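In: Compute the structure for the input listed below.
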Amino acid sequence: MDLKMLKPESLMMSYGYKPELSEGAIKCPIFQTSTFVFKTAEEGKAFFEVAYGLREKEESEELGLIYSRLNNPDLEILENRLTLWDKAEDCAVFESGMSAITTVFLQFLNPGDLLLFSQPVYGGTSHFIEEILTRFGIHIIPFDAAMSKEDIIEKVERSGLSAKLAMIYAETPANPTNALIDLLMCKQIATQFSTPNKEVLFAVDNTYMGPIWQHPLAHGADLVLYSATKYIGGHSDVIAGACLGSKSLIQQVKGMRTFLGNMAGPWTGWLLMRSLETLKARMNIQEFNAKRVAEFLEDHPSVDKVFYLGNIENPRQKEIFKRQCEGTGAMVSFEIKGQESEAFKFLNSLKLIKLAVSLGSTESLAEHPASMTHAGVPLEERVKYGISEQLVRLSIGVENYEDLIWDIKQALDQVSVSTE
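Out: You can find the predicted model right below:
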């Protein structure tokens with residue numbers, strides 16, 4: 001039978017791995033080696049020809065192991081399994097999410113090109129786009145969830161750089177406000193500015209939704225990116241990134257990865273394979289818990305506004321959610337009544353939820369975006385996109401939801417006492 005007929009969660013324990021090649025071990029061993037022995041010089045030559053793109057791999061030919069900067073069994077099996085969730089042709093895994101993002105930019109953008117990107121984005125991505133890419137002569141134009149397709153097209157055309165547009169990059173839902181970017185709209189814009197000689201690529205950072213709750217490739221994206229540290233890793237014990245798409249695009253991404261040397265190592269690959277086995281179960285619990293936490297926050301007198309995909313009021317945002325999202329996620333942000341001091345008082349009063357950045361892990365985390373993850377974003381941009389000093393971001397974990405609500409309630413009570 002074709003194993004791909006089975007659901008991804010059924011294949012996460014075994015897909016791409018042959019126990020008979022590893023002494024019958026039921027789990028893939030950690031191949032902690034820098035290099036691999038060739039049986040013959042002819043075999044080594046053949047492996048390098050394929051690895052360096054000197055010829056296409058023959059239909060029955062196995063891609064040979066050469067050197068762990070190029071390939072490693074733990075990495076290859078992990079990449080094969082990750083393709084199943086997004087129904088991608090290929091995948092490249094990196095030692096961090098920023099490695100994946102920056103490698104894509106460096107591979108597909110050249111001096112003089114234009115990058116159209118959504119705001120707000122993760123602070124590290126924002127810094128790389130605005131402070132690093134621009135140093136190499138790459139032009140940038142931001143857009144946001146409130147803009148229509150016509151608004152964005154007009155902005156690009158007014159810049160005089162429409163012929164230079166090379167990539168549209170979107171992060172959706174936005175971190176930390178949960179604002180949704182319309183994937184179909186972005187693809188339509190990319191298509192409009194493409195020519196027979198130059199295709200405008202569309203890349204999406206899907207970290208906030210993980211590979212369960214949204215599938216950008218199905219909505220027109222050419223590349224989907226993850227900080228695999230988050231839901232895919234999900235245990236706060238590994239840093240990693242991933243990029244998925246067509247074989248032709250990922251082959252180019254892997255080529256740049258080889259020369260930048262930012263591939264994931266065997267330990268990272270092994271840890272992520274372990275985590276994939278429980279990915280859907282974890283994310284189901286996290287989504288369930290987040291819904292109840294959001295409901296509690298909606299009714300609390302010390303909370304001004306809740307940003308959660310399950311309570312969208314804006315009609316356009318609601319329509320986008322219904323069309324492209326397959327779940328409400330586990331990220332809940334809210335504005336506490338007061339200013340930074342009240343937000344800090346809340347964060348300092350938490351007992352079960354940990355005060356730490358990152359998201360998508362088994363434990364629930366809380367942070368203050370304006371002074372932490374988005375501290376490097378210019379103040380005017382933070383104000384424009386609602387990253388206020390009273391905004392708190394919660395990443396909901398797998399704890400009992402009643403305990404999470406108890407912790408949030410007692411912390412909010414501390415804030416209420418201090419303001420009376």
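In: Which parts of the stretch 301-420 of the chain are helices?
Out: Secondary structure of the stretch 301-420 of the chain, counting by DSSP state H, counting those that start in this stretch: helices at 315-324, 340-349, 379-384, 401-419.
In: try the stretch 151-300 of the chain
Out: 183-193, 210-213, 247-260, 266-276, 279-298.
In: Let's verify the closest residue to Y15 other than its chain neighbours: helix, strand, or coil?
Out: Among residues not flanking Y15 along the chain, R81 sits closest, at 5.2 Å (CB to CB, 6 or more residues apart in numbering). (Glycine included, C-beta is placed from N, CA and C.) Here R81 is helix, with the state taken from DSSP: H, G, I helix; E, B strand; the rest coil.
In: What is the burial count for R81?
Out: 23 (other CB atoms under 10 Å).
In: Quick check: it vs S341, distance?
Out: 46 Å (CB to CB, to the nearest Å).
In: Also F31?
Out: 51 Å.
In: still on that earlier bit, tell me which of the helices of the stretch 151-300 of the chain is the most buried.
Out: helix 210-213 (a mean of 24; mean count of other CB atoms under 10 Å).
In: Any regions of this protein where pLDDT drops low?
Out: 1-4, 417-420 (pLDDT under 70).
In: Could you chop it up by domain?
Out: Domain segmentation of the chain under automatic domain parsing yields 68-276, 279-419.
In: May I see those domains arranged in TSV, with distance to S14 as well?
Out: Output for the domains of the chain, formatted as TSV (distance: least, CB to CB, whole Å):
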stretch	distance to S14
domain 68-276	9
domain 279-419	15
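In: any idea which of these is most buried?
Out: domain 68-276 (a mean of 20).
In: Can you measure across it, start residue to end residue?
Out: End-to-end distance for domain 68-276: 22 Å, by CA to CA, to the nearest Å.
In: circling back to that earlier point, for the helices of the stretch 151-300 of the chain, which one sits closest to L109?
Out: L109 sits nearest to helix 247-260 of all the helices of the stretch 151-300 of the chain, at 11.2 Å, using CB to CB.
In: Against which helices or strands is the closest one packed?
Out: In terms of contacts (3 or more CB pairs under 8 Å, 6 or more residues apart in numbering; DSSP states H and E), helix 247-260 is packed against strand 90-94, helix 97-108, strand 241-245.
In: Roughly how far does L133 sit from G255?
Out: Relative to G255, and taking CB to CB, L133 is found at 20 Å.
In: Ramachandran coordinates for the residue nearest to L109 when sequence neighbours are not counted?
Out: Distance criterion CB to CB, 6+ apart; nearest residue to L109, sequence neighbours excluded, is I138 at 5.3 Å. With angles defined as degrees, to the nearest 10, I138 sits at phi -90, psi 130.
In: Contact partners for I138?
Out: 109-115 (CB atoms under 8 Å, 6 or more residues apart in numbering).
In: Take those and lay them out in CSV including secondary structure.
Out: CSV is the format used below for those (three-state DSSP):
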residue, secondary structure
L109, coil
N110, coil
P111, coil
G112, coil
D113, coil
L114, strand
L115, strand
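In: Which of these sits closest to L165?
Out: Using CB to CB, those come closest to L165 at L114, 4.6 Å.
In: re earlier: now tabulate the contacts of I138 in a markdown table and tack on distance to I189.
Out: Output for those, formatted as a markdown table (distance: CB to CB, whole Å):
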| residue | distance to I189 |
| --- | --- |
| L109 | 17 |
| N110 | 20 |
| P111 | 23 |
| G112 | 20 |
| D113 | 16 |
| L114 | 12 |
| L115 | 13 |
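In: Among those, which one sits closest to A290?
Out: Of those, the one sitting nearest to A290 (CB to CB) turns out to be L115, at 32.1 Å.
In: Confirm for me that that closest one is in contact with L133.
Out: Yes: under the criterion of CB atoms under 8 Å, L115 makes contact with L133 at 6.6 Å.
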